[in-house]
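S.K.: 3D, please:
(4 chains)
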Protein chains: 2
Amino acid sequence: MEQLYKQLQLENQLCFSIYATSREITKVYKPLLDKLGVTYPQYLALLVLWEHETLSVKKMGELLYLDSGTLTPMLKRMQDQELVIRQRSHEDERVVFISLTEKGKKLRDKACHIPEEVFSMTNKSQGELEKLKETLQGLLQLLHTYNQK
Amino acid sequence: MEQLYKQLQLENQLCFSIYATSREITKVYKPLLDKLGVTYPQYLALLVLWEHETLSVKKMGELLYLDSGTLTPMLKRMQDQELVIRQRSHEDERVVFISLTEKGKKLRDKACHIPEEVFSMTNKSQGELEKLKETLQGLLQLLHTYNQK
DNA sequence: CACTATTTAATTGTGTATAATTAAATAAAA
DNA sequence: TTTTATTTAATTATACACAATTAAATAGTG
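M.R.: Numbers count the residues shown, from 1 in each chain, chains lettered A, B, ... in the order given. Just a heads-up that it's a prediction; the model follows:
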């Protein structure tokens, strides 16, 4: 039982180190994103829209691993800020397409320097962070596949 | 500019791989924690209480990297479920001590097998996950120190 | 001792997250 | 072609997260 209890120590939880690190990362981004007037999840939404121009809510959810319960209200807030436009498809009335306004497109140039700023504060090598990212992407795929079943 | 735009691709964001992985991990824990009747953040709170028996809200926040705006309502819900007891210190009336009820203590034995169950589904080696954990703990410390300034 | 600063939780307001349900539309099958 | 199943967003309810403020208590200073 001692051994089993030891497995329950916070110190030994990989899950916690990921969970806490994720939240600390959000805090690092906060002052940078405040300048753009967006939150961290909204920034992620912008990343995929800058890459794809127009996306359905479903496709955005697949890319960001988020569902409509999260995306719908978030995208409505972004529409209120005039960052995105939401419009139903004519071919299939169930589908809602999200696209960027001019204001949303312009934010890209203000965001350009953010990755570099965040990287520089870590004092880690590019290679080390790259490797960590790939390890996590592998784990992410594995867990996501498992959760789909 | 092309190079700068490339840095904004979702695929290149370490932050996103951590963010998304963290949420997928929570989903893996969900069915296991449902059996105990707790959420994932509540499970983390139980982990530190199983280790420390009694903790102030402040100390719990330090251990879990959470503030009172998150902990206070969560601990009240856990009190409603009769998992914890909240009582103010006599020496310092500002301090609230959290301790486990018998029911809360007993959950430990039901939780014992969870780490093993989660580990087994990953198909990763113990060493690989251990190394990932240590890398993230280092990053967590670094970011947390930065965010404190 | 009075006054100020600090510490600690609680509260408030906003913004995610996710499970579960609903509703509308399309596609597939009998 | 009616019926059935599936797909897609939206909605609802619950539970975090965190910034900012408040309030109470303690500690420190002159």
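S.K.: who touches the residue in chain A that DNA strand D sits nearest to in this structure?
M.R.: The nearest approach of chain A to DNA strand D comes at A:Lys58, 2.8 Å away (CB to the nearest atom of the strand). All C-beta atoms are positioned from the backbone trio N, CA, C, and that covers glycine. Contact analysis of A:Lys58 by CB atoms under 8 Å, 6 or more residues apart in numbering or on different chains lists A:68, A:95.
S.K.: Please, where are all the strands along chain A?
M.R.: Secondary structure of chain A by DSSP state E: the strands cover A:54-56, A:84-88, A:96-100.
S.K.: And A:Asp34, how close does it get to A:Tyr43?
M.R.: 11 Å (CB to CB, to the nearest Å).
S.K.: now do A:Leu136
M.R.: For A:Leu136, the distance to A:Tyr43 - CB to CB - is 18 Å.
S.K.: Same question for A:Lys106.
M.R.: As judged by CB to CB, A:Lys106 and A:Tyr43 stand 15 Å apart.
S.K.: the more surrounded of the two?
M.R.: Between A:Lys106 and A:Tyr43, A:Tyr43 has the larger neighbour count (other CB atoms under 10 Å in any protein chain shown), namely 21 against 12.
S.K.: Report how many residues lie close to the residue nearest to the more buried one when sequence neighbours are not counted.
M.R.: With sequence-adjacent residues excluded and distances taken as CB to CB, 6 or more residues apart in numbering or on different chains, A:Tyr43 is closest to A:Leu33, at 5.4 Å. A:Leu33 sits with 18 neighbouring residues when counted by other CB under 10 Å.
S.K.: Same check on the one 3 residues further on?
M.R.: When counting by other CB under 10 Å, one arrives at 16 neighbours for A:Leu36.
S.K.: Confirm for me that it is in contact with A:Leu107.
M.R.: Yes - applying CB atoms under 8 Å as the test, A:Leu36 and A:Leu107 come out as touching, 5.5 Å apart.
S.K.: Contacts made by stretch A:7-22 with the rest, please.
M.R.: For stretch A:7-22, with CB under 8 Å, 6+ apart as the criterion, the contacting residues are A:6, A:136, B:15, B:18-19, B:21-22, B:25-26, B:29, B:40, B:44, B:47-48, B:50-51, B:63-65, B:108, B:111-112, B:114-116, B:118, B:129, B:132-133, B:136-137, B:139-140, B:143.
S.K.: Alongside DNA strand C, which residues does chain A contribute?
M.R.: Within chain A, the positions near DNA strand C by CB under 7 Å from any atom of the strand are A:39-42, A:65-70, A:73-74, A:77, A:91-94.
S.K.: related to what we said a few turns ago, now do the residue nearest to A:Tyr43 against A:Tyr5, distance only.
M.R.: With distances taken as CB to CB, A:Leu33 is found 41 Å from A:Tyr5.
S.K.: Tell me who's in contact with the residue nearest to A:Tyr43.
M.R.: A:Leu33 touches A:39-40, A:42-43, A:114, counting by CB under 8 Å, 6+ apart.
S.K.: could the residues you listed go into a markdown table alongside pLDDT?
M.R.: Rendered in a markdown table, the data for the contacts of A:Leu33 read as follows (pLDDT from 0 to 100):
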| residue | pLDDT |
| --- | --- |
| A:Thr39 | 96 |
| A:Tyr40 | 97 |
| A:Gln42 | 96 |
| A:Tyr43 | 97 |
| A:Ile114 | 97 |
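S.K.: List the buried residues for stretch A:76-86?
M.R.: A:78, A:83-84 (16 or more other CB atoms under 10 Å in any protein chain shown).
S.K.: Then stretch A:100-109?
M.R.: Within stretch A:100-109, the residues that qualify as buried are A:100, A:104, A:107-108, counting by 16+ other CB under 10 Å.
S.K.: of the residues you listed, closest to A:Lys149?
M.R.: Relative to A:Lys149, the closest of the buried residues of stretch A:100-109 is A:Leu100; by CB to CB it sits at 34.9 Å.
S.K.: what is the closest one paired to in the beta sheet?
M.R.: Applying DSSP bridges to A:Leu100 gives these bridge partners: A:Val84.
S.K.: Would you mind confirming that it makes contact with A:Val48?
M.R.: No - look at A:Leu100 against A:Val48 with CB under 8 Å: they stay out of range, at 10.6 Å.
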